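> quick check, what structure comes out for this input:
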Amino acid sequence: MKTRLGLIALTCLLLPAVGTAQDAKLTMPDFSSLAGKATDSVNVTLSPWMLRIAAAFVDDRDEDSAATKKLLAGIKSIEVRSYEFDSDFAYSAADIDAVKSQLAAPGWSQLVQTHDRKNNEDVDVYIFVENNRTRGLALISREPREFTIVNIVGSVGVEDLAKLGQHLHLLKNGTPRPGLLM
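As a prediction, this is how the structure comes out:
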């Protein structure tokens, strides 16, 4: 009886973890201690509410803006964490690996993997697909002096990422800002 009650209690405790494992939202480590060490940092968290407010200010009369508003309607949240340092490996690889390990969960598939051994740079892009629909995207870019993690939850096409990056000012002159989004 005690064993049975213990198994039921354990199952109840694990159910929320199983439910979130099937979600495209990644759990970010607490990088607040890195902000003091970083020479440059970007910390963006856009909740559904913030995204609705941003969409409300988009001009529907402009074709490009109307497309962006439609894109924002399918997105539930956006998180960006990017840090740049004066010295090599001032951040813990374990923190990055903790995020990357979540991408081994069912539903995640790797789209891009690049590795530059000479410069010790890696970029990984993953997509979360459920019922043949994109439900999220994750990007992890790391270099000796900087890293960037981007997690977008919701329906977003890979072709829409550049447009989204421009409207969120993640791109500079149509190309990714240094250290951000590759």
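> so what's Leu139 closest to, chain neighbours aside?
Leaving aside its sequence neighbours, Leu139 sits nearest to Val150 (Cβ to Cβ, 6 or more residues apart in numbering; 4.2 Å). Quick note: C-beta positions are derived from backbone N, CA and C, even for glycine.
> quick one, what contacts that neighbour?
The neighbourhood of Val150, defined by Cβ atoms under 8 Å, 6 or more residues apart in numbering, consists of 78-80, 137-139, 181.
> quick check: the farthest pair among those residues?
The two members of the contacts of Val150 with the most space between them (Cβ to Cβ) are Glu79 and Leu181, at 12.9 Å.
> which residues in this protein form helices?
All helices of the chain, identified by DSSP state H, fall at 2-21, 32-37, 48-56, 63-73, 93-102, 161-167.
> my guess is Leu103 contacts Ile127. True?
No. Look at Leu103 against Ile127 with Cβ atoms under 8 Å: they stay out of range, at 9.9 Å.
> find residues that contact each of those two.
Residues touching both Leu103 and Ile127 (Cβ under 8 Å, 6+ apart): Ala138.
> quick one: contacts for the residue positioned nearest the centre of the chain?
Residue closest to the average C-alpha location in the chain (Cα atoms, centre = their mean): Asn151, at 1.2 Å. By Cβ under 8 Å, 6+ apart, the contact set of Asn151 is 24-26, 28, 77-79, 136-138.
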